[in-house]
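Q: predicted model and sequence follow; I will ask about them next.
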Amino acid sequence: MLDPDRPLTPEEIEQAYKVEIVDKEGNKQTFQDLIKGKKVVLIFIRHFWCTNCQAYTFQFGKSIPPSSLPEGTEAYIIGCGSASPIPSYLSRTSSPYPIYSCPSLDLHRIFQFTRTLKGSGSNAKKTYMSELGGGFSRTWTSLKHGLLNSPGHGLESVRGPNDQNGGEVVIEKDGTCSYIHRMQNTEDHTDLDELAKMVGAEYIPLSAKDKSFLIN
């Protein structure tokens, strides 16, 4: 079984450089164009309707804003659907970070991100999930906002596969991977205080109200 925290090899990163990603306007560039020569924090989210990941993206922008990142460090959010949902996702999550997507899922395959709909079950909940309510509430929130606001994004090829999980990746300026966590279930992003410590950023704790902003 793959270690969820096994660092990417130089060969895997080299393969990833060639993969095309898209921005909010559908413009294409290679992964190498986006990250090479910089230290980057990459948040790979699940499909664009996933309430868990919307909350994580919102909390990431609030708890680790761009001003708290060490000098020379940048951060990006990367989805797994088409470019179409990105503008509404940016608006809904108030993300101060650019959002891209990898429609081919090639990055997800190279990085060996898991595909599962399994939740965390009886395992301890991650901190970012603490105020999001139960599974039914989160599913209803996802459908309500997705279907009412963006019904055209309902196709899996647009919003991304339901079972495709993501994770967090830190790639240094020299192109080496200093951290990766591959989600083992749909609620398994790295807690933000841990991620902040990992990259040397200031962590800003959030109120319960901020943590629950999506459940309404």
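A: Nice, thanks for sending it over.
Q: ok, the closest residue to residue 44 other than its chain neighbours to residue 55 distance?
A: Spatial nearest neighbour of residue 44, excluding adjacent residues (C-beta to C-beta, 6 or more residues apart in numbering): residue 166 at 3.0 Å. In this view, the C-beta of every residue, glycine as well, is placed from N, C-alpha and C. Per C-beta to C-beta, to the nearest Å, residue 166 is found 14 Å from residue 55.
Q: of the two, which one has the most company?
A: residue 166 (29 against 24; other C-beta atoms under 10 Å).
Q: quick one: the closest residue to residue 53 other than its chain neighbours and residue 24, what's the gap?
A: Of all residues not flanking residue 53 in the chain, residue 45 sits nearest, at 3.9 Å (C-beta to C-beta, 6+ apart). Using C-beta to C-beta, we find residue 45 at a distance of 14 Å from residue 24.
Q: compare neighbour counts for these two and give me the winner.
A: Neighbours were counted for residue 45 and for residue 24 using other C-beta under 10 Å; residue 45 has more, 28 against 17.
Q: tell me the phi and psi of the more buried one?
A: phi -90, psi 170 (degrees, to the nearest 10).
Q: quick check: it touching residue 58?
A: No - if you go by C-beta atoms under 8 Å, residue 45 and residue 58 don't touch, sitting 11.3 Å apart.
Q: show me the contacts for the closest residue in space to residue 196 that isn't next to it in sequence.
A: What sits nearest to residue 196 in space, not counting adjacent residues and going by C-beta to C-beta, 6+ apart, is residue 203, at 3.7 Å. Taking C-beta atoms under 8 Å, 6 or more residues apart in numbering, we find residue 203 in contact with 63-64, 68, 192-193, 196-197.
Q: can you tell me the helix or strand for residue 203?
A: Counting by DSSP states H and E, no helix or strand carries residue 203.
Q: need the per-residue pLDDT for it.
A: Predicted confidence (pLDDT) for residue 203: 97.
Q: going forward, count from 112.
A: Okay, using 112 as the starting number, the last item reads as residue 314.
Q: with residue 305 as the reference, measure out to it.
A: 9 Å.
Q: circling back: look up how far residue 192 lies from the residue nearest to residue 155.
A: For residue 277, the distance to residue 192 (C-beta to C-beta) stands at 12 Å.
Q: ok, now residue 292?
A: 21 Å.
Q: same question for residue 299.
A: Taken as C-beta to C-beta, the span from residue 299 to residue 192 is 20 Å.
Q: cool, and residue 215?
A: 11 Å.
Q: and those two? Which one has more around it.
A: residue 192 (27 against 13).
Q: ok, and the closest non-adjacent residue to residue 231?
A: In space, residue 231 is closest to residue 298, 4.3 Å off (C-beta to C-beta, 6+ apart).
Q: that neighbour: neighbour count?
A: Neighbour number of residue 298 under other C-beta under 10 Å is 24.
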